[in-house]
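Q: Sequence first, then the predicted structure, then my questions.
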Amino acid sequence: MGEVIVVTSGKGGVGKTTTSANIGTGLAALGHKVAMLDTDIGLRNLDVVMGLENRIVYDIVDVVRENCRLKQAMIKDKRFENLYLLPAAQTKDKTAVNEEQMRDLCAKLKDEFDYIIIDCPAGIEHGFKSAIAGAEQAIVVTTPEVSAVRDADRIIGLLEAAGLKSPKLVVNRIRTKMVKTGDMMSVEDMLDILAIDLLGIVPDDDSIVISTNKGEPAVLDDKSKAGQAYRNIAARITGKEVPLMSLEESGGFFEKIRSIFSK
Amino acid sequence: MNQFLAENLDNEKTLLLQKTLRSGQSIHYDGNVVVLGDVNPGAEIVAAGHIVVFGALRGVVHAGASGEAGATVTAFSLAPTQLRIGSLITRPPDGAAISLPEHPEIAKIKDGSVVIERFLPSSEKA
Amino acid sequence: MAFTDVINRIFGKDGNGSKDVAKERLRLVLVHDRANMSEDVMNHLREDLIAVINKYMEIDQDALEVSMNNEDGTASLVANIPILSVKRNIS
């Protein structure tokens, strides 16, 4: 039986879709059978982040309306045989899938897959409620900003009220230098306020922009720091204990010089 | 130019859209569709007949949606996310972006597969 | 910025960066968010207050005001309770 995990945040733009894509791909790279669900109906994006946008024929709304079979709508990833995406509809609205349909869908997918990763829309309305309806675990993504942490707090309350008792936190876009100078909230500050378990820390990394441009999740890039962070997160989801990575900027003065010469 | 293309379309009803179709917008029509504007990624046109775009075609289009294999897709800049004619589905190859030609192109079915050619008014007439 | 701050920054020591401001503001906002004082809750609180205070003094129930205040960096519950008379025989 698979595990259904919803990735949510409340606030938009904190990296839900990037996190979903990288966790899904990371789990697939570890050999698990993974389905990713984009539930942001009307504003789908997981397909472009995964580089699968030109393979879409059917979507999640076609599945719940029985215009096609579930298997027809699942898009196989171009890199992993064991990774599939069920895209959101782009031309419908958020009310097109309800909570009961979502529960049914998750129940069907659980028979086939080890992990089902749900990319939740921003907000706390209908789309959010449907997205979490079939989930057993929740990952809350936040960034070190007052607005994002506040929304994360609200979401944690709503998740708990919906029976998702122990959501895990992913802190995205940490900038080590700013944390050091005291101009950015540290992970400890946020954990102090939100009081939930930490799943991982993802540094602010240019490689994320590049990987999104290319449609290739950073988790597959060995040189990317964010990629490493996502590999650690994927491993932790499978139950492995992985220490938090050091976010120290690599190298002092001499290493910087070396990196200039090696260019 | 307008006059000329009209001659190539079959004698069936045609929808003229004088706007750019943006992501999330979807046009379904039981005939030909002519767009005076662009079709952006995430937008979709499904037409029973031909599709002509006086602009850049970057979204998803389906010509001959009710099974007409003779339907065509023509655009000033033909770079769809996905292109379907009749029951065939094609998409651009993975990998590096393809440089687009400066001239209009037409997609049609030839010998059971979708081909894209330079749009030559004279050859179309025949 | 004070000179010592500049020095602290250069050497990467913990200064009084804006994160403390952020954290403090968040704490306050969350007190309010989490309390989620709806009309209903406020009315219950009001009734309970009246019941308790009534044991000791007679108050003007209609003029009683209870509100959440979020000023000067602290969240507080403000109650304005006009007293009509204090009961005498309280042991």
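A: That came through fine.

Q: Pull the number of nearby residues for residue B:20.
A: 15 (other CB atoms under 10 Å in any protein chain shown). For glycine as for every other residue, the C-beta is placed from the backbone atoms N, C-alpha and C.

Q: Skip the chain neighbours and tell me the closest residue to it.
A: Using CB to CB, 6 or more residues apart in numbering or on different chains and skipping the chain neighbours, the partner closest in space to residue B:20 is residue B:37 (3.9 Å).

Q: Tell me the pLDDT of that neighbour.
A: At residue B:37, the model reports a pLDDT of 96.

Q: For residue B:117, which non-adjacent residue is closest in space?
A: residue B:106 (5.7 Å).

Q: correction: residue B:71
A: Of all residues not flanking residue B:71 in the chain, residue B:64 sits nearest, at 2.9 Å (CB to CB, 6+ apart).

Q: where do the helices sit along the chain?
A: Unless you meant another one, I'm taking chain A. A:16-29, A:46-50, A:60-64, A:70-73, A:99-112, A:126-133, A:146-161, A:176-180, A:187-194, A:206-214, A:225-237, A:253-261 (DSSP state H).

Q: That was the other one, I meant chain C.
A: Going by DSSP H, chain C shows helices at C:3-10, C:18-35, C:39-54.

Q: OK, contacts around the residue in chain B positioned nearest to chain C?
A: In chain B, the residue that lies nearest chain C is residue B:24 (32.3 Å; CB to the nearest CB). By CB atoms under 8 Å, 6 or more residues apart in numbering or on different chains, residue B:24 lies in contact with A:42-43, A:90-91, B:42-43.

Q: Count the residues that sit near residue A:233.
A: So residue A:233, with other CB under 10 Å, has 23 neighbours.

Q: meant to ask about residue A:75
A: 21.

Q: Which pLDDT value belongs to residue C:51?
A: Reported pLDDT at residue C:51 in the predicted model: 89.

Q: now the one 5 residues further on
A: What the model reports for residue C:56 is a pLDDT of 86.

Q: Wait, it touches residue C:87, no?
A: Yes. Counting by CB atoms under 8 Å, residue C:87 is a contact partner of residue C:56 at 6.2 Å.

Q: just checking, residue B:63 touches residue B:51?
A: Yes. Between residue B:63 and residue B:51 there is a contact under CB under 8 Å: 4.6 Å.

Q: hang on, the earlier thing: okay if I get the helices of chain A as TSV plus mean pLDDT and distance to chain C?
A: Below are these laid out as TSV (pLDDT from 0 to 100; distance: least, CB to the nearest CB, whole Å):
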stretch	mean pLDDT	distance to chain C
helix A:16-29	98	20
helix A:46-50	96	29
helix A:60-64	96	32
helix A:70-73	96	39
helix A:99-112	96	23
helix A:126-133	95	17
helix A:146-161	93	5
helix A:176-180	92	5
helix A:187-194	93	5
helix A:206-214	94	22
helix A:225-237	96	19
helix A:253-261	49	14
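
Q: now, of these, which is deepest in the fold?
A: Among the helices of chain A, helix A:16-29 has the highest mean neighbour count (mean count of other CB atoms under 10 Å in any protein chain shown), at a mean of 28.

Q: and residue B:116, how many neighbours does it have?
A: Residue B:116: 15 neighbours (other CB under 10 Å).

Q: From residue C:57, how far off is the closest residue to residue A:124 other than its chain neighbours?
A: For residue A:124, ignoring the flanking residues on the chain, the nearest one in space by CB to CB, 6+ apart is residue A:158 at 6.0 Å. Distance of residue A:158 to residue C:57, given as CB to CB, to the nearest Å: 42 Å.
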